[in-house]
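Sharing a model prediction with you, sequence too.
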Amino acid sequence: MFEAQSGGAVRAGGPTVVALTEQGAAAAQVPQAPQASPVFQVPLEVPPVPQVPPQGSRGTGAAGPGGPAAAEGILRRQALRESAARTYARSLPIVPVRARGLTIEGADGRRYLDCLSGAGTLALGHNHPVVLEAVRGVLDSGAPLHVLDLATPVKDAFTTELFACLPPALSADARIQFCGPAGTDAVEAALKLVRTATGRSGLLAFTGAYHGMTAGALGASGGAPDVRVTRLPFPQDFRCPFGVGGPEGARLGARWTESLLDDPKGGVPTPAAMIVEPVQGEGGVFPAPDAWLRRMREITEARGIPLIADEVQTGVGRTGAFWGVDLAGVVPDVMVLSKAIGGSLPLAVIVYRSGLDVWAPGAHAGTFRGNQLAMAAGAATLAYVRKNRLAERAGALGERMLAALRGLASDHPCIGDVRGRGLMIGVELVDPETGTAAQALAAAVRQECLNRGLIVELGGRHSSVVRLLPPLTLTDEQASAVLDRLADAIPAAAAACRLH
């Protein structure tokens, strides 16, 4: 049902159509529910979502409050009033007023397929009924909305559901720390925790990593301006630091790590921890090879070095398993969780082995670490993903989307690489003549996608990777519509940039 057709693309009297199914490749409407698949039999219970208009058209319904003129005014006032640090608002000049599932409607009446999903936060898409019901339940109950770190029935329910979803070897002996509402604060808490528990200060991190924007988290990320951690090579095939790629490139990276730690003159004393992403998202959508990740676990465990898994973006089914580390069968000492665990609302925690729980009361705190609405929405999201096996669904659909995109790449030399896991997909754009990253082309593709009613974002070392992070409730027909618009946008952008 999902097999990509020969070459991954067919011509249909005009725009390129990428087909995941044998029928309706260029789906002009978003269906109400997914069709059963021979691979995946569990119903997804996806709620109805608004109709999606043809590419480049405006919505047929009433425009949002105030219409196009009001939208332009809001954007103008934002530009005048808000910080120069704005990011998404610069590349996506839309004013969302309504949303459901995959679809966003702007104040100007246009509708978009959202493959950014709050940078991976919206596991169930926008305004899923189970999330809304959970939030309304708290609001209607009269329960307090702000409780610091006090125990509540809502918090207990969230913690119970989260522990039911954790790797069993961790949940059997785990502690949870509720942090400030952002993932970067959870990273900070994880770093403080391991430094307190080990009495050591050093940190092992990887090239291309992204762990947040606060000082400690940024210092562990690939773009840190002030290096205070030891950088290790992250394996990748397309631009392997050793020039070989594949299993051999990963083996060399692991060997380098082991040699560095065991060399008494290597300049790297035993660190407090190693922090790693199962899939580097902002770094360009590079999945960690399973064998390599297992080797990192062996290396750290043998030397008494805690392993921190940053699952902020990879968690809750995104990669085809509930947690990214599950794919390799790795159990870390600390897991950093945020984004999807809050069901679209701000929530961040760390979960770790009880032996590390040595810090004093108040050693890491935050006024908003008791977000009751987020806990209720998060518990509902975790349960829905678990019960409906959406991780398996993401894995199966993601593989078929990757196959279709790789077929498209055979027709377009400007697509240098297609990679990812589950519904965490990256398309790297290059100059066909030199093979170098094509940042301007990627920006043009993003704009051409937006013109066609598709929201995507960029990542990678040179912002040359088009990233797809659709909700896990994505249907077959919706996936075809997404790929159809992307397939149409790439040659249009290449022609504008005079690349083919």
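Structure received.

remind me which residues of the stretch 51-200 of the chain are low pLDDT?
51-66 (pLDDT under 70).

That one: strands as residue ranges?
96-100, 103-106, 111-114, 174-178 (DSSP state E, counting those that start in this stretch).

Name the stretch among these that sits most buried.
For those, the largest average neighbour count (mean count of other C-beta atoms under 10 Å) is found in strand 111-114, namely a mean of 24. Using the backbone N, CA and C atoms, a C-beta is placed for each residue, glycine as well.

partners of that one in the sheet?
strand 103-106 (antiparallel), strand 454-455 (parallel) (DSSP bridges).

in the strand or helix carrying Met296, what's buried?
Assigned by DSSP states H and E, Met296 falls within helix 290-302. Neighbour-count burial for helix 290-302 flags Trp292, Leu293, Arg294, Arg295, Met296, Arg297, Ile299, Thr300 (criterion: 16 or more other C-beta atoms under 10 Å).

who's in contact with the last one?
Spelled out, it's Thr300. Residues in contact with Thr300 (C-beta atoms under 8 Å, 6 or more residues apart in numbering) are Met274, Pro306, Leu307.

Quick one: these as TSV, columns for pLDDT too.
Below are the contacts of Thr300 laid out as TSV (pLDDT from 0 to 100):
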residue	pLDDT
Met274	95
Pro306	97
Leu307	98
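
now the end-to-end length of stretch 296-316.
Length of stretch 296-316, first residue to last, C-alpha to C-alpha, to the nearest Å: 22 Å.

same question, stretch 345-359
Stretch 345-359: ends 28 Å apart by C-alpha to C-alpha.

Let me see the mean pLDDT of it.
For stretch 345-359, mean pLDDT is 96.

buried residues in it?
Leu345, Pro346, Leu347, Ala348, Val349, Ile350, Val351, Tyr352, Arg353, Leu356.

Out of those, list just those in strands.
Val349, Ile350, Val351, Tyr352, Arg353 (DSSP state E).

doesn't Val334 make contact with the first one?
No. Counting by C-beta atoms under 8 Å, no contact exists between Val349 and Val334, whose distance comes to 10.8 Å.

so who does Leu145 touch?
Val138, Gln372, Leu373.

How about Val194?
Val194 neighbours (C-beta under 8 Å, 6+ apart): Ala272, Ala273, Pro306, Ile308, Asp333, Val334, Leu356.

Test my guess that the third one contacts Ala273.
Yes. With the criterion set as C-beta under 8 Å, Pro306 and Ala273 qualify as a contacting pair; they are 4.4 Å apart.

about what we covered before: columns distance to Arg446 on top of the strands of the stretch 51-200 of the chain, output as JSON lines?
Shown next, in JSON lines, are the strands of the stretch 51-200 of the chain (distance: least, C-beta to C-beta, whole Å):
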{"stretch": "strand 96-100", "distance to Arg446": "17"}
{"stretch": "strand 103-106", "distance to Arg446": "16"}
{"stretch": "strand 111-114", "distance to Arg446": "12"}
{"stretch": "strand 174-178", "distance to Arg446": "36"}
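
Relative to Leu166, which of those strands is closest?
Closest to Leu166 of those is strand 174-178 (C-beta to C-beta; 6.6 Å).

What strands line up against that closest one, and which way round?
strand 349-353 (antiparallel).

Give me the residues contacting the partner strand.
For strand 349-353, using C-beta under 8 Å, 6+ apart, the contacting residues are 162, 166, 170-171, 173-179, 186, 189-190, 193, 333-338, 341.

Show the buried residues in those.
The buried subset of those (16+ other C-beta under 10 Å) comprises 162, 166, 170, 174, 176-179, 186, 189-190, 193, 333-338, 341.

Just the ones in helices from the residues you listed, please.
Leu162, Leu170, Ala186, Ala189, Ala190, Leu193 (DSSP state H).

which of those residues sit farthest apart?
Leu162 and Leu193, at 17.6 Å, using C-beta to C-beta across these.

who's Ala309 bridged to?
Ala309 has the following beta-bridge partners by DSSP bridges: Val276, Met335.

Quick check: it vs Cys115, distance?
Distance, Ala309 to Cys115, by C-beta to C-beta, to the nearest Å: 25 Å.

again with Asn451
On the measure of C-beta to C-beta, Asn451 and Cys115 end up 15 Å apart.

From the neighbour counts alone, determine which of these two ranks first.
Cys115 (25 against 15; other C-beta atoms under 10 Å).

for that one, what are its contacts?
Taking C-beta under 8 Å, 6+ apart, one finds Leu102, Leu454, Ile455, Val456, Leu468, Leu469, Pro470, Val482 in contact with Cys115.

what angle separates the one helix or strand Ala380 maps to from strand 349-353?
Using DSSP H and E, the element containing Ala380 is helix 372-387. On the basis of axes from the mean of the first three to the mean of the last three C-alpha atoms, to 10 degrees, helix 372-387 is oriented at 60 degrees to strand 349-353.

Need the contact partners of helix 372-387.
Outside helix 372-387, the residues within contact range by C-beta under 8 Å, 6+ apart are 123-124, 128, 130-131, 133-135, 137-139, 143-147, 152, 154-155, 157-158, 161-162, 164-165, 181, 316-317, 322, 340-347, 390-391, 472.

Leaving out sequence neighbours, find the closest residue to Leu468.
In space, and not counting its chain neighbours, Leu468 is closest to Ile425: 4.2 Å by C-beta to C-beta, 6 or more residues apart in numbering.

show me what contacts the one you found?
Val285, Gly398, Met401, Leu402, Leu405, Val418, Arg419, Arg467, Leu468, Leu469.

Cross those residues against strands and list the overlap.
Using DSSP E, the contacts of Ile425 in strands are Val418, Arg419, Arg467, Leu468.

Name the member of those residues that has the highest neighbour count.
Leu468 leads the ones in strands among the contacts of Ile425 on contacts (other C-beta under 10 Å) with 26 neighbours.
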